[in-house]
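In: Quick one: sequence plus predicted model below, questions after.
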Amino acid sequence: MSLDKEQVQHIAMLARLRLADDEFAETVDKLSRIVDFVDQLSAAPTADVVPMAHPLNQTQRLRPDAVTEADDRDHIQENAPETADGLYLVPRVIE
Amino acid sequence: MHSMTLVELRDGLQRGDFSSRDVVAGLLERIEARDGELNAFITVTAEQAMDVAGRADDARANGGAGALNGLPLVHKDIFCTRDVLTTCGSRMLEDFVSPYDAAVVERLASAGAIMLGKTNMDEFAMGSSNETSYYGPVRNPWDLSRSPGGSSGGSAAAVAARLTPAATGTDTGGSIRQPAALTNTVGIKPTYGRVSRYGMIAFASSLDQAGVITRTADDAALLLKVMSGFDERDSTSIDHPVPDYEALIGKPIKGLRIGMVRQHFDAGLDEGCATAVREALSELERQGAVLSEVDLPNLDYCVPTYYVVAPAECSSNLSRFDGVRFGHRADNVEDLLDLYCSSRGEGFGAEVKRRIMTGTYVLSAGYYDAYYLQAQKVRHLISDDFRRAFESVDLIAGPTAPEPAFGLGDKTDDPITMYLNDIYTIGANLAGLPALSAPCGMVDGLPVGLHLVGPHWSEETLLQAAHQYQLVTDWHKACPEAYK
């Protein structure tokens, strides 16, 4: 196994994912296999190769910093689990 | 009528042989009767489809009809559809009703196309068999015990079973072309930046591209012309002229230089598939194409490169699912951190979690250079291989998938076995190239796909080669016995 349980626990926390106890063994096993598999990239001859930034060598287009969309808050918030007065509600953060 | 192509339906509608209402009602009835066994649909929008069909018939009568007026199609459930459920195959979006339409949906609707429903897919398009869908696997109409491929498996199965003449799909590593190969349909993934990604739920933004699954190359040409073009709402959309694909595909392929990739016919390719692909190439040669061999020396690095780049991008894209603004939210949480972790832990399936974690790992401090940066360098090597190959040929040809449709459950134990099913298709995504799969034979009653890849912006050449091939062969007309 290239990854152990502690490493996987750390990665899960970085990714904000709660894994159920019965998911753990399988996740450690399959993630290790994936990491072993992609490890073969280290053998590729990349000494003088530049990392690819865009498949067509384009640069990211920027738009003027101007408001272009109308207010659609109420419609958009219909998908929110919990809102009040146009705000998204989460568990208390500051005591 | 259910077996007619878009072009045939368009001609029939114009002649007045039938109305759009007849066409849509017939297909909806067929979906109702047959989709129970296939599970190709997540949502059927019957009422809406009949309304739009009525309006299409009126528009035709009044002379105000668009290029696709009254023609039915289905959308992969990765495309946002206003006021219609959009799940992306995930529990995370089980109740998500999109407040807006994706650009692809919008363009096709403005041209008059009618959406019959939304199709099943691997969760967040992460899978090659449709088995990662929260809504259950799709079954292959050629053999219900087999997978139709993925991730656009619902779209491919629906087209193959004649439940719709056409479907949209998305392709990040082969998700249009591999299911097209496994179901005897045509699937095209255009050049990166050709079709707007606006409203298409993101998986890996430097690889994702929308395309179509149809039964003929001319139907694909018809749809692609409407879907393509610049969109300022997608920052990676490229402003490049859109040719009239349908008009260009009629040109004979005499003199077209096609390169066979030496490495594609090495170990790992099913013998029956190899024979079918060689046969197809001989047919193209008889029509005047000039065959030669080309090398893609870094082919074996494609899959590992992809499984660093795609998970890295997915771990970033899927961070938007936080249980706060939309999507699944866990009950009874202790605090905000618990809300994030539990909502994501419950909302995502096992494969999606694995990919998010792979991406998180390869981007984390201490591993970034060894994995992510290295993968982007190898991606450059792979891209250069294609560039060199296209100095001597117009198109590259080979098999789409290493074997015909595999059994449901056959590859779920080992992620690497599943990932390797995309070995021939992933390169086109890494290099941003357009690519197409077309039916070219059968092995033990299961379809085989011919894979064509072209330089950037060569969609018309891909469609032309496939169309000219379909003019002299019948493989694309083969229909699973139970769905005739």
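Out: Nice, I can see it.
In: middle-most residue in chain A, spatially?
Out: Geometric centre of chain A, nearest residue: residue A:15, 6.5 Å, by C-alpha atoms, centre = their mean.
In: From chain B, how far off is residue A:52?
Out: Look at residue A:52 and chain B: by C-beta to the nearest C-beta, to the nearest Å, they are 4 Å apart. (Each C-beta comes from the backbone N, C-alpha and C, glycine too.)
In: tell me which element that residue is part of?
Out: Counting by DSSP states H and E, no helix or strand carries residue A:52.
In: residues touching residue B:28, list them.
Out: B:44, B:46, B:49, B:50, B:116 (C-beta atoms under 8 Å, 6 or more residues apart in numbering or on different chains).
In: May I see these arranged in JSON lines, with neighbour count and secondary structure as well?
Out: Supplementary listing: the contacts of residue B:28 in JSON lines, determined by neighbours: other C-beta atoms under 10 Å in any protein chain shown; DSSP: H, G, I helix; E, B strand; the rest coil:
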{"residue": "B:44", "neighbour count": "18", "secondary structure": "strand"}
{"residue": "B:46", "neighbour count": "17", "secondary structure": "helix"}
{"residue": "B:49", "neighbour count": "23", "secondary structure": "helix"}
{"residue": "B:50", "neighbour count": "15", "secondary structure": "helix"}
{"residue": "B:116", "neighbour count": "28", "secondary structure": "strand"}
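In: now these in CSV, with distance to residue B:71 and pLDDT?
Out: Shown next, in CSV, are the contacts of residue B:28 (distance: C-beta to C-beta, whole Å; pLDDT from 0 to 100):
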residue, distance to residue B:71, pLDDT
B:44, 17, 98
B:46, 17, 98
B:49, 12, 98
B:50, 15, 98
B:116, 11, 98
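In: Give me the spatial nearest neighbour of the residue of chain B positioned farthest from its centre, chain neighbours excluded.
Out: When each C-alpha in chain B is compared with the mean C-alpha position (C-alpha atoms, centre = their mean), residue B:334 comes out farthest, at 41.0 Å. Leaving aside its sequence neighbours, residue B:334 sits nearest to residue A:91 (C-beta to C-beta, 6 or more residues apart in numbering or on different chains; 7.5 Å).
In: Following the chain past the worst-scoring helix or strand of chain B on mean pLDDT, name the next helix or strand.
Out: Counting by mean pLDDT, DSSP states H and E, chain B has its least confident helix or strand at helix B:415-419, which shows a mean of 91. Using DSSP H and E, the helix or strand that follows helix B:415-419 towards the C-terminus is helix B:426-431.
In: what sits up against that following helix?
Out: A:55, B:171-174, B:189, B:192, B:207, B:209, B:296, B:299, B:302-303, B:305-306, B:309, B:379, B:382-383, B:385-386, B:433-435, B:453.
In: what sits against residue A:16?
Out: B:319, B:322, B:337, B:340, B:341, B:344.
In: one step back: the residue nearest to the centre of chain A and residue B:355 touch, don't they?
Out: No: look at residue A:15 against residue B:355 with C-beta atoms under 8 Å: they stay out of range, at 10.1 Å.
In: Near chain A, which residues of the stretch 151-300 of chain B are found?
Out: Contact residues, the stretch 151-300 of chain B versus chain A (C-beta under 8 Å from any C-beta of the partner chain): B:191, B:192, B:193, B:206, B:232, B:235, B:236, B:238, B:298.
In: Could you report the separation of the residue nearest to the centre of chain A from chain B?
Out: 4 Å.
In: Identify the residue spatially nearest to that residue, adjacent ones excluded.
Out: residue B:360 (4.3 Å).
In: Same question for residue A:60.
Out: Closest residue to residue A:60 apart from its sequence neighbours, by C-beta to C-beta, 6+ apart: residue B:235 at 6.0 Å.
In: what about the nearest residue to residue B:67 once chain neighbours are set aside, neighbour count?
Out: If the residues on either side of it in the chain are set aside, residue B:67 comes closest to residue B:111, at 4.7 Å by C-beta to C-beta, 6+ apart. Counted with other C-beta atoms under 10 Å in any protein chain shown, the neighbours of residue B:111 add up to 18.
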